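**Q** Have a look at this prediction, sequence included:
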Amino acid sequence: MIRRLGALGVALLVALGLAAVPAQAHPAPATPRPVVFVHGSAGSGQQFQTQAKRFAVNGYPIDLIEAHEYDSTFTLNTMADVWAGLDARIIRLLQTSGQQQIDLLAHSLGTFVVQGYLNSSPERAARVANYVNLDGRTAEAPPGGVRTLAIWGEGDQSRTVAGATNTYLPEQGHTETVTSPESFQHSYRFFTDRSPQTTAIGTEARIQLAGRAVLFPQNAGVSAGSLEVYELNELGLRTRRVATVALSGDGSFGPITAKGGARYEFALIRAGAAVHHFYFQPFRRTDKLVRLLASPPGGGLGALVETSDRHAAIVVNRNKEWWGGSDRLWVNGHDILNEATSPRVKRTIGIFAFDAGSDRVTDLSKPLPAFFAQTFITGVDIHIPALGLTTVVSQQRGTSGVPDAFVIPAWPSSGHRSTLTFDDYV
């Protein structure tokens, strides 16, 4: 069991984590249709990052794989707005690809959005060849008469979309049903009538990174500010600036040319807000669904984080639930996951960690209530000194061997935030 790692030990883990599966060329289906993913509550295109890369390594053009994002609180858009945007996206992809239909997936609340969309008109349903309903709404018939696969995770194993192919993954969490290799295999086979060549991500030598900086959870773009992208060494320290991007409109950035298997920091800089540093595990393939989830300056969940010159504040994300008692997550040697801070029923994918009360005391006996009250989120009281480096190490449930690890600067929370995103795959 890991208790505490020195910088050298963590550097070794990180270096080992860079060992990559070589990229292999696999033939595409004869005529791959565009693929569109619709996220659920408090979601974004981020949930489809891994599956997009799995489709790509199995021959799909990455430019034909997109996510349709919206404000799942429905304060910035109506359902009619979301449907109209989905119309425009599908029509554009059909024109670009020369195809007559797309393949569509939706998760959780997104299944409510998409079932209503497909049932709303024959014209909309006719543009969709296949639909995958991921751990969401039941139905008495395939929506819009579209050929449907329903994938269900843990929970009620009697849920069904009548007349569809219903597949049950009872040991997988709610978000895990979107990102798991098993879910990909079922979806790929449903779309193509054949099994994928691989579920491994592989590594390309030169890659492109693109995405959006957005305000969580509304998915409104960060429309004013700049983004600085840095390549990092094994200790999470900057070695060179790769790009500087002015943000506007919907917060889009890229494509940025990068090295497959390298680590990068995305620093979001805005007036009136702390500098927000985003860290990811090594990008192994071209990724056009990078999402930088931020709060409005002085608002949102970011306003609930207590700050100090003496302690750092981090957010740790993974699009596979953190199960206290099964997953392990060490911050500077403290395992912050347990049945109190992240019970399985909480379906946690985001963890806020900082020194509540700025008292230099760590208390992991209970979660921070304001964060625990949020969907898919928890918060923990841990003193992370704003000195030197912060180490964050994860051991995914059901795995053994070398854990995943981050080493990052211990930025003082008075002027900085850090978000670390672990891969949802091993």
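**A** Arrived safely.

**Q** where do the strands sit along the stretch 251-400 of the chain?
**A** Ranges of strands within the stretch 251-400 of the chain are 252-259, 264-269, 275-280, 287-294, 314-318, 328-331, 334-335, 350-354, 377-381, 389-395, based on DSSP state E, counting those that start in this stretch.

**Q** ok, residues contacting stretch 415-426?
**A** Contact with stretch 415-426 is made by 46, 50, 176, 179-181, 201, 274-281, 292-293, 302, 305, 312-320, 390, 392, 394, 396, 399, 404, 406, 408, 411, as judged by CB atoms under 8 Å, 6 or more residues apart in numbering. No exception for glycine: its C-beta is placed from N, CA and C like everyone else's.

**Q** can we see that at 7 Å?
**A** Contact partners of stretch 415-426, identified using CB atoms under 7 Å, 6 or more residues apart in numbering, comprise 50, 179, 181, 201, 274-281, 293, 302, 312-320, 392, 394, 396, 399, 404, 406, 408, 411.

**Q** Now do that stretch: distance to the chain's middle.
**A** For stretch 415-426, the distance from its own C-alpha centre to the chain's C-alpha centre is 10 Å (CA atoms, centre = their mean, to the nearest Å).

**Q** buried residues in that stretch?
**A** H416, R417, S418, T419, L420, T421, F422, D423, D424, Y425 (16 or more other CB atoms under 10 Å).

**Q** Span of it from start to end?
**A** Terminal residues of stretch 415-426 are spaced 33 Å apart (CA to CA, to the nearest Å).

**Q** So for that stretch, mean pLDDT?
**A** Looking at stretch 415-426 alone, the average pLDDT works out to 96.

**Q** Any regions of this structure where pLDDT drops low?
**A** 1-29 (pLDDT under 70).

**Q** tell me the domain ranges of it?
**A** 7-16+203-422, 35-192 (automatic domain parsing).

**Q** how many neighbours does A220 have?
**A** A220 sits with 18 neighbouring residues when counted by other CB atoms under 10 Å.

**Q** residues in contact with the nearest residue to K366 once chain neighbours are set aside?
**A** Leaving aside its sequence neighbours, K366 sits nearest to A340 (CB to CB, 6 or more residues apart in numbering; 5.3 Å). Shown in contact with A340 (CB under 7 Å, 6+ apart): S365, K366, P367.

**Q** Could you check how far the second one is from A220?
**A** Read that as K366. As judged by CB to CB, to the nearest Å, K366 and A220 stand 33 Å apart.

**Q** isn't F352 right up against F376?
**A** No - applying CB atoms under 7 Å, one finds F352 not in contact with F376, separated by 11.9 Å.

**Q** about what we covered before: most neighbours among the contacts of A340, which one?
**A** Ranked by neighbour count (other CB under 10 Å), these have P367 at the top, with 25 neighbours.

**Q** doesn't I377 make contact with it?
**A** No - the criterion here is CB under 7 Å, and P367 misses it with I377 at 9.5 Å.

**Q** Which parts of the chain are helices?
**A** 7-17, 49-57, 79-97, 109-120, 122-126, 176-179, 181-192, 369-372 (DSSP state H).

**Q** Need these in JSON lines (columns: distance to L209).
**A** Formatted as JSON lines, those follow (distance: least, CB to CB, whole Å):
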{"stretch": "helix 7-17", "distance to L209": "18"}
{"stretch": "helix 49-57", "distance to L209": "11"}
{"stretch": "helix 79-97", "distance to L209": "21"}
{"stretch": "helix 109-120", "distance to L209": "25"}
{"stretch": "helix 122-126", "distance to L209": "32"}
{"stretch": "helix 176-179", "distance to L209": "19"}
{"stretch": "helix 181-192", "distance to L209": "21"}
{"stretch": "helix 369-372", "distance to L209": "29"}
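
**Q** one step back: between F352 and F376, who's got more neighbours?
**A** The neighbour comparison of F352 against F376 (other CB under 10 Å) goes to F352, with 26 against 20.

**Q** got a list of what that one touches?
**A** Contact partners of F352, counting by CB under 7 Å, 6+ apart, are L301, V305, V315, F371, I377, G379.

**Q** what number of residues lie near the nearest residue in space to the fourth one that is not next to it in sequence?
**A** Ranked by CB to CB, 6+ apart and with sequence neighbours excluded, the top spatial neighbour of F371 is G379, at 2.9 Å. One way to gauge burial is a neighbour count; for G379, by other CB under 10 Å, it gives 25.

**Q** Does G379 touch F372 like I think?
**A** Yes - counting by CB under 7 Å, F372 is a contact partner of G379 at 6.3 Å.

**Q** Now distance to R124 too, for the strands of the stretch 251-400 of the chain, in TSV please.
**A** What follows is the strands of the stretch 251-400 of the chain, written out as TSV (distance: least, CB to CB, whole Å):
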stretch	distance to R124
strand 252-259	26
strand 264-269	36
strand 275-280	35
strand 287-294	24
strand 314-318	33
strand 328-331	42
strand 334-335	48
strand 350-354	33
strand 377-381	33
strand 389-395	41
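
**Q** can you tell which of those strands is closest to N119?
**A** Of all these, strand 287-294 sits nearest to N119, with 27.4 Å by CB to CB.

**Q** hang on, the earlier thing: which of the buried residues of stretch 415-426 fall within strands?
**A** Of the buried residues of stretch 415-426, the ones assigned to strands by DSSP state E are H416, R417, S418, T419, L420, T421, F422.

**Q** wait, which of those is closest to V345?
**A** Closest approach between those and V345, by CB to CB: F422, at 21.1 Å.

**Q** Name the nearest of the ones in strands among the buried residues of stretch 415-426 relative to L227.
**A** So of these, ranked by how close each gets to L227 (CB to CB), first place is T419, at 13.5 Å.

**Q** who does that closest one bridge with?
**A** When assigned by DSSP bridges, T419 has beta-bridge partners F278, V315.

**Q** hmm, back to that, name the nearest of the contacts of F352 relative to A210.
**A** Looking across these and measuring by CB to CB, the closest to A210 is V315, at 22.0 Å.

**Q** number of nearby residues for that closest one?
**A** For V315, the count of nearby residues is 24 (other CB under 10 Å).
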